[in-house]
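Asker: the sequence and its predicted three-dimensional model are supplied below.
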Amino acid sequence: MERYWNEEIECMSREDMKKLQDERLVAQVKHVYENVEYYRNLMDEKGVKPEDIRSTDDLHKLPFLSKADLRDAYPYGLLAKPLSECVRIHSTSGTTGKRVVAFYTQNDIDLWDDCCARAITAVGGTNEDVCQVCYGYGLFTGGAGLNGGSHKVGSLTLPMSSGNTERQIQFMRDLGSTILCCTPSYAAYIGETLHDMGFTPDDVKLKAGIFGAEPWTEEMRRSIEKSLGIKAYDIYGLTEISGPGVAFECSEQNGMHINEDNFIPEIINPETGEVLPDGEVGELVFTSITKEAFPLLRYRTRDLCVLSRKKCSCGRTLIKMTKPMGRSDDMMIIRGVNVFPSQIETVLIEQGYTPNYLIEVDRVNNSDTLDISVEMNPEQLSDKVKDMQDKERKLAGAIKTMLGISPKVHLVSPKSIARSEGKAVRVIDRRKLHD
Amino acid sequence: MADVRQISVFINNKPNQLNEAVRHLKDEGINIRAMSLADTKDFGILRIIVSDTQKACDVLKDSGYAVIITDVVTVSIPDTAGQLSRVLDILGSEGVNVEYLYAFLGTSEKSVSFVIRVDDNVKASSALTNAGIIQLTENDIAEM
């Protein structure tokens, strides 16, 4: 039987949810306009006043915020509460430029923990469970979010953080962890290490995993489920909006329910900013309607996905988002074609390769080059060079079919591509160095 | 019928990769009797016949290498002109296809030994036996 953390909200009728969102949005816009000069200026420039926003139907009138705004306003420019009421910060990794710092009041933390508690409950977690959190702890939201959710649910929480994989497995075995929370690439690595240590999935008690913070594919889900003997669930979030738990997967394992009592989603055309109807692919935009300290309105996530209100077998009525199909940041334009690493990953797994790969893009004589190094499985080795070259050619052909452009494929030894214990580095774009 | 096991090791095309693989064998006191390195722009395949096949295979696998064992035919022939050609003629007349071949490293004054990778070991081996060509066993190789 499906269990809910907050059935009233998670299974609320569409009318009641809209009413709740309308009330919260109106109050939030007023709160932001009064306390955040940066956003007030944006609204004034657009000629929008708080009283123009009377319900979620008026949401489209509000100006967008982007990552660039967050950088411009660093560190306090979007803060809506006095620091005396703030109790914590979290920060993005800063890999794409200046860091973004988000602030939280105690109430913000409580609501966030609640979102993560819903996610843990949705994968079957209760106070009988042992929840091993190996997302990084610290500025990164992953560790803190799932840690808070696990506390709320009452699970025994193992605050492992990432790294020291053999020790992770030792704790997993000694304390009987039942739920694993980490990045999907780390989950895959734990699975490999478990195997290397001579164990099978029967040697651990894990039943479910909550994996997020980086893109992963259905094929990767199946391979993790097999290697750890679990059900693998997706979770979505971003520091700017709160952290993991903005959306979470249920027993259907087909898209993530957005905690829309806290975050109103929209899908827009990334070029024009026009709002698109449910069912169309576009950029995901979030409006925080309960956040106090760092309430972002119409924040552009850069994640491309689809929203759906189709009835879900789990009974939740919360709107669902598909797994992001790519980030417009990750999207590479190679020889004029849009390429997402997730497309390449899909082909690799279909063709029986590991999802361990490195994409290198460069420009030689004004023409883009695409090189993909792929770890082979030991059993794919042949003593004949021709067989190995055939494998490379076949894989390159399959990738060409998917992308429409030809890559150069390079097979490399098992485990020779560096593993990350946080976010995986899968793309090196050297063209940027020349520009 | 005297199949000899050849070990093939996948070598990344990076500095020191071959060196490292060979060093693992040295550390275990394993002697390489015959070797060939097939290389492409991207990777190499090191093929070796060693004094202790199982041990070599285990140590390479434990060190993370992709390793595969293939049965090959080995011949020991007089070190005079035309002998290898004779062996290839025998195989050719039986319709046995030779994928590749390479020589053993150590030779006596009178004979020379080759590793021959064919598409049909049984057919190759019986044809060579019928023609009186000496084939090596793994014991012969361990004692070289």
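Answerer: Yep, it's here. Numbers count the residues shown, from 1 in each chain, chains lettered A, B, ... in the order given.

Asker: nearest to chain B: which residue in the stretch 201-350 of chain A?
Answerer: residue A:348 (16.3 Å; Cβ to the nearest Cβ). Glycine gets a C-beta too; all of them are placed from N, C-alpha and C.

Asker: run through the chain and note the low-pLDDT ranges.
Answerer: Looking at chain A here, since you left the chain open. A:93-98, A:327-329, A:419-425, A:432-435 (pLDDT under 70).

Asker: if you could check chain B rather than the one you did, that'd help
Answerer: B:1-2, B:107.

Asker: burial of the residue in it that chain A sits nearest to, as a residue count?
Answerer: Closest residue of chain B to chain A, Cβ to the nearest Cβ: residue B:8 (3.7 Å). Residue B:8 has 23 neighbouring residues, counting by other Cβ atoms under 10 Å in any protein chain shown.

Asker: contacts only, for whichever residue of the stretch 301-435 of chain A sits closest to chain B.
Answerer: Residue nearest to chain B within the stretch 301-435 of chain A (Cβ to the nearest Cβ): residue A:383, separated by 3.7 Å. Contacts for residue A:383 were tallied using Cβ atoms under 8 Å, 6 or more residues apart in numbering or on different chains; they are B:6, B:8, B:45, B:47, B:68, B:70, B:117.

Asker: count of residues packed around the residue nearest to residue A:35 when sequence neighbours are not counted?
Answerer: Closest residue to residue A:35 apart from its sequence neighbours, by Cβ to Cβ, 6 or more residues apart in numbering or on different chains: residue A:80 at 4.2 Å. Residues lying near residue A:80 (other Cβ under 10 Å) number 22.

Asker: go on, the one 10 residues further on?
Answerer: A count of neighbours around residue A:90, defined by other Cβ under 10 Å, yields 23.

Asker: ok so, going back, the residue nearest to residue A:35 touches residue A:288, doesn't it?
Answerer: No: counting by Cβ atoms under 8 Å, residue A:288 is not a contact partner of residue A:80; they are 10.1 Å apart.

Asker: shared neighbours of these two, anything?
Answerer: Common contact partners of residue A:80 and residue A:288 (Cβ under 8 Å, 6+ apart): A:294, A:295.

Asker: tell me where chain B has strands.
Answerer: All strands of chain B, identified by DSSP state E, fall at B:4-12, B:32-39, B:43-50, B:67-78, B:98-103, B:111-118, B:134-135.

Asker: list the helices and strands the first one packs on?
Answerer: Using 3 or more Cβ pairs under 8 Å, 6 or more residues apart in numbering or on different chains; DSSP states H and E as the contact criterion, the neighbours of strand B:4-12 among helices and strands are helix B:17-27, strand B:43-50, helix B:53-62, strand B:67-78, strand B:111-118, helix B:138-142.

Asker: give me that answer again for 7 Å
Answerer: If contacts are counted by 3 or more Cβ pairs under 7 Å, 6 or more residues apart in numbering or on different chains; DSSP states H and E, strand B:4-12 sits against helix B:17-27, strand B:43-50, helix B:53-62, strand B:67-78, helix B:138-142.

Asker: for these, which one ends up most surrounded?
Answerer: strand B:43-50 (a mean of 23; mean count of other Cβ atoms under 10 Å in any protein chain shown).

Asker: with distance to chain A added, can I get the helices and strands packed on strand B:4-12 in TSV?
Answerer: TSV is the format used below for the helices and strands packed on strand B:4-12 (distance: least, Cβ to the nearest Cβ, whole Å):
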stretch	distance to chain A
helix B:17-27	8
strand B:43-50	6
helix B:53-62	8
strand B:67-78	4
helix B:138-142	17
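
Asker: right, and the ones you listed - which one's nearest residue A:115?
Answerer: helix B:53-62 (45.0 Å; Cβ to Cβ).

Asker: can you redo the helices and strands packed on strand B:4-12 as TSV with distance to residue A:157?
Answerer: As requested, the helices and strands packed on strand B:4-12 are exported to TSV (distance: least, Cβ to Cβ, whole Å):
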stretch	distance to residue A:157
helix B:17-27	42
strand B:43-50	45
helix B:53-62	36
strand B:67-78	42
helix B:138-142	56
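
Asker: to residue A:263, which of those lies closest?
Answerer: So among the helices and strands packed on strand B:4-12, strand B:43-50 is nearest, using Cβ to Cβ, at 47.9 Å.

Asker: what pairs with that closest one, parallel or antiparallel?
Answerer: strand B:4-12 (antiparallel), strand B:32-39 (antiparallel) (DSSP bridges).

Asker: any idea how far that strand is from the chain center?
Answerer: From the chain centre to the centre of strand B:43-50 is a distance of 9 Å (Cα atoms, centre = their mean, to the nearest Å).

Asker: residues touching it, excluding its own?
Answerer: Residues outside strand B:43-50 that contact it (Cβ atoms under 7 Å, 6 or more residues apart in numbering or on different chains) are A:383, A:385, A:388, A:411, B:4, B:6-13, B:18, B:21, B:25, B:30-38, B:56, B:115, B:141.

Asker: can you say which of those residues are buried?
Answerer: A:383, A:385, A:388, A:411, B:4, B:6-12, B:18, B:21, B:25, B:30-36, B:38, B:56, B:115, B:141 (16 or more other Cβ atoms under 10 Å in any protein chain shown).

Asker: about what we covered before: could you find the closest non-adjacent residue to the residue of chain B closest to chain A?
Answerer: residue A:383 (3.7 Å).

Asker: go ahead and confirm residue A:232 touches residue A:224.
Answerer: Yes: using Cβ atoms under 7 Å, residue A:232 is in contact with residue A:224, at 4.9 Å.

Asker: if I look at those two, which residues touch both of them?
Answerer: With Cβ under 7 Å, 6+ apart as the test, residue A:232 and residue A:224 both reach residue A:209.

Asker: list the buried residues in stretch A:258-271.
Answerer: A:258, A:259, A:260, A:261, A:262, A:263, A:264, A:265, A:266, A:267, A:268, A:270.

Asker: looking at the residues you listed, which is nearest residue A:145?
Answerer: Closest to residue A:145, out of all of the buried residues of stretch A:258-271 and judged by Cβ to Cβ, is residue A:259, at 12.2 Å.

Asker: what residues are up against residue A:227?
Answerer: Neighbours of residue A:227 in contact, by Cβ under 7 Å, 6+ apart: A:191, A:195.

Asker: which ones are touching residue B:35?
Answerer: Counting by Cβ under 7 Å, 6+ apart, residue B:35 touches B:46, B:47, B:48, B:105.

Asker: so what's the third one bridging to?
Answerer: Applying DSSP bridges to residue B:48 yields these beta-bridge partners: residue B:7, residue B:35.

Asker: so how far is residue B:38 from it?
Answerer: Distance, residue B:48 to residue B:38, by Cβ to Cβ, to the nearest Å: 12 Å.

Asker: try residue B:22
Answerer: 16 Å.
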